[in-house]
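Engineer: only geometry, no sequence info:
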């Protein structure tokens, strides 16, 4: 892990990396049982923005209803978060306790590099705030997991499995 | 009234004749009619005269959402359509039709509460609504395409996330059985509005919305939604559609081919099963879709071909844009006609092979393309029976009223018989409030059933008497029917799904009692419009009276509030509906409604009382003299 970072000329703290790798928590989704109701998008936008707007949700369902395919697009809180290294403004931070990757709205200039680099399409752009938005894990209690009616979403802790 | 929360405040009016659109305000309707069928019926009342035919350019198609649509409120993904229906029999009348999926919420996110479609285009067009931009796009290449390929192609052309309503070949050919379809199976089925869209040369309506929707009190909305979800957990209705409990054979079929359960927008109980049968396509599907199961099992026994035939029956109906509900009875109808020798053997249709894959494929194709016998059948079974000598002797068995296919225990449950007689189309689709309770309780409780004792206590609290669910008598049924109708109007203006609301019974409480005030609480949380449950019921009553006034304008009287004659006589060992009791119950119903009992018309006093004095005046102007009290 740290070798890869060093090779790319990145300066991540070895000790820090290991700590947050061990304690990492993230959302997990099972597209096989997602019913496509999009309740997660609604509760996410209502919780974060105070109004209902799936476009500004930090989770979204990529759907192909004709095939019954509904894939929740979620942030994995990657330990080697590409968005963290890609951000030219250092607006993305990784929490040292749980390894949650968050965006600081005051630093974000809306260049949308993180949106493009994310492999999981988990970062979205809010044109009104001119800022990128992403899952902040709701302070450790993700509402989408709580509200998913078919339990297609869960929290995974590295080394411990889904719960 | 404040319409800043819940409502978007705008109605989009699209004129297809001139390819123009305009925007109107929702404010003038919101207080009295709230949304959905309320707004739809009111606009229709004002703008379309009574002699307009369903395929005339003057007919309008109104697609209306409600204040709860697209919010977190559970099961709020629906919208309602109002238009003059080609399907109703013997006369074309104004009626409603609802639809799930996620098109309604997308319309709200695009910034509109409702969409009014008027006029008639010269060429085939697609309508593309992307937030404030409205485009009329040529649909030349889409003509003749089935609903699935239309959606795939349109998403490629416009936006991969666009939500699409479209019609199939059946709608283009003005089949009275045509549906408007969205995604794989969400359809506005029972009223034949696909043909209305077809008559306007409108192939599809695609919507994409990215605007936020303001909510009055998010925390309260979260609290009440949690409560709704708690109370509606283990909803037996979901079990009914995705597993078809009690019919073991169908259950096996569904479990074998189910990919997953899918849901409408914002719904906690996914009641569609997405099925994929190898060699026969895939689609989400609902209880009405398994109509061919019995016939196919008879023909093939238990085999792969049987499963493929069943799959064909609904996948092709969806693709062609036809209503599966009608075909359930049409198969039996054709079988009887054939056995009695009332129709000659048809060239394109193997009537001796009912139950086979070939038969259902050909039948659906012929009806959607209006070829051969399909040309007559596309008019619907009721109109077909008119054209065949002795047709009604067979047809009456399957079509109790208004050309709608038999649904529910009409003969066994007096309450259901009354519901049927007093509506303008099959009532059970959005009036499960009564039949859910009256059908699910059992004397010996099983999992997902209620005990008779608990059901009676619920009935007493909700309908006012435990006799309301007693199937031996018409006593107290009018009260229950009025409750069910008013509440169905309430859910159709808000709009929430009738499979969840009103939460009369719950499998999460010890006494199985639900909470019927949840709709009014949700309305307050979303809009800040504070109505008590009783006040909301009064709004429901207003909407029902408006619907009735619409029927009166179309010439409906007490004599039309009835079932087909044959339902009042015993048949094949099935009990008859007692005619004298039925008429007596109707008299009680009119009295309780405050209507004139000889004509079945609302009195002007009643219309004033429910806040529809302008409607009473309009009726007087048209020469319809209402009695004063």
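Structural biologist: The structure has been received and is ready for your questions. All values reported here derive from a predicted model rather than from experimental measurement.
Engineer: for chain A, what spans make up the helices?
Structural biologist: A:2-7, A:14-22, A:39-49, A:82-86, A:113-117, A:143-147 (DSSP state H).
Engineer: what about stretch B:571-582, how long is it end to end?
Structural biologist: The first residue of stretch B:571-582 is 18 Å away from its last residue (Cα to Cα, to the nearest Å).
Engineer: What mean pLDDT does that stretch get?
Structural biologist: Averaging pLDDT along stretch B:571-582 yields 91.
Engineer: Could you give the separation of it from the chain centroid?
Structural biologist: Its chain's average C-alpha position is 27 Å from that of stretch B:571-582, according to Cα atoms, centre = their mean, to the nearest Å.
Engineer: ok, now stretch B:4-18?
Structural biologist: Going by Cα atoms, centre = their mean, where stretch B:4-18 is centred and where its chain is centred differ by 23 Å.
Engineer: which residues does the nearest residue to residue B:405 once chain neighbours are set aside contact?
Structural biologist: Take residue B:405 and drop its neighbours on the chain: the residue closest to it by Cβ to Cβ, 6 or more residues apart in numbering or on different chains is residue B:329, 4.3 Å away. Heads up, the C-betas are built off the backbone N, CA and C, glycines and all. Residues near residue B:329 by Cβ atoms under 8 Å, 6 or more residues apart in numbering or on different chains: B:381, B:398, B:399, B:405, B:406.
Engineer: Count residues in the vicinity of residue B:317, would you?
Structural biologist: Neighbourhood size, residue B:317 [other Cβ atoms under 10 Å in any protein chain shown]: 33.
Engineer: from the middle of its chain, how far away would the helix or strand harbouring it be?
Structural biologist: Taking DSSP states H and E as the criterion, the element that holds residue B:317 is helix B:304-320. Offset of helix B:304-320 from its chain centre (Cα atoms, centre = their mean): 22 Å.
Engineer: Pull out the buried positions in it.
Structural biologist: B:305-320 (16 or more other Cβ atoms under 10 Å in any protein chain shown).
Engineer: mind listing the strands for the stretch 1-150 of chain B?
Structural biologist: B:10-15, B:20-25, B:61-64, B:79-84, B:94-99, B:114-118, B:125-130, B:133-138 (DSSP state E, counting those that start in this stretch).
Engineer: Is it possible to get TSV of those that adds mean pLDDT, mean neighbour count and distance to chain A?
Structural biologist: As requested, those are exported to TSV (pLDDT from 0 to 100; neighbours: other Cβ atoms under 10 Å in any protein chain shown; distance: least, Cβ to the nearest Cβ, whole Å):
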stretch	mean pLDDT	mean neighbour count	distance to chain A
strand B:10-15	96	20	17
strand B:20-25	95	14	21
strand B:61-64	96	28	19
strand B:79-84	96	28	16
strand B:94-99	94	25	14
strand B:114-118	97	24	18
strand B:125-130	96	22	13
strand B:133-138	96	15	16
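Engineer: ok, and the closest non-adjacent residue to residue B:211?
Structural biologist: Spatially, and ignoring its direct neighbours in sequence, residue B:211 is nearest to residue B:111 (5.1 Å; Cβ to Cβ, 6+ apart).
Engineer: what about the longest helix in chain B?
Structural biologist: Per DSSP H, chain B has its longest helix at helix B:533-553.
Engineer: re the thing from before, pretty sure the residue nearest to residue B:405 is in a strand, no?
Structural biologist: No. According to DSSP: H, G, I helix; E, B strand; the rest coil, the state of residue B:329 is helix, so it is not within a strand.
Engineer: about what we covered before: of all the strands of the stretch 1-150 of chain B, which lies closest to residue A:33?
Structural biologist: strand B:94-99 (24.8 Å; Cβ to Cβ).
Engineer: Pull the contacting residues for the residue nearest to residue B:211.
Structural biologist: B:8, B:10, B:131, B:132, B:209, B:211.
Engineer: got a pLDDT number for residue 36?
Structural biologist: Here I'm looking at chain A. The model's pLDDT for residue A:36 equals 94.
Engineer: that's the wrong chain, I meant chain B
Structural biologist: At residue B:36, pLDDT is 94.
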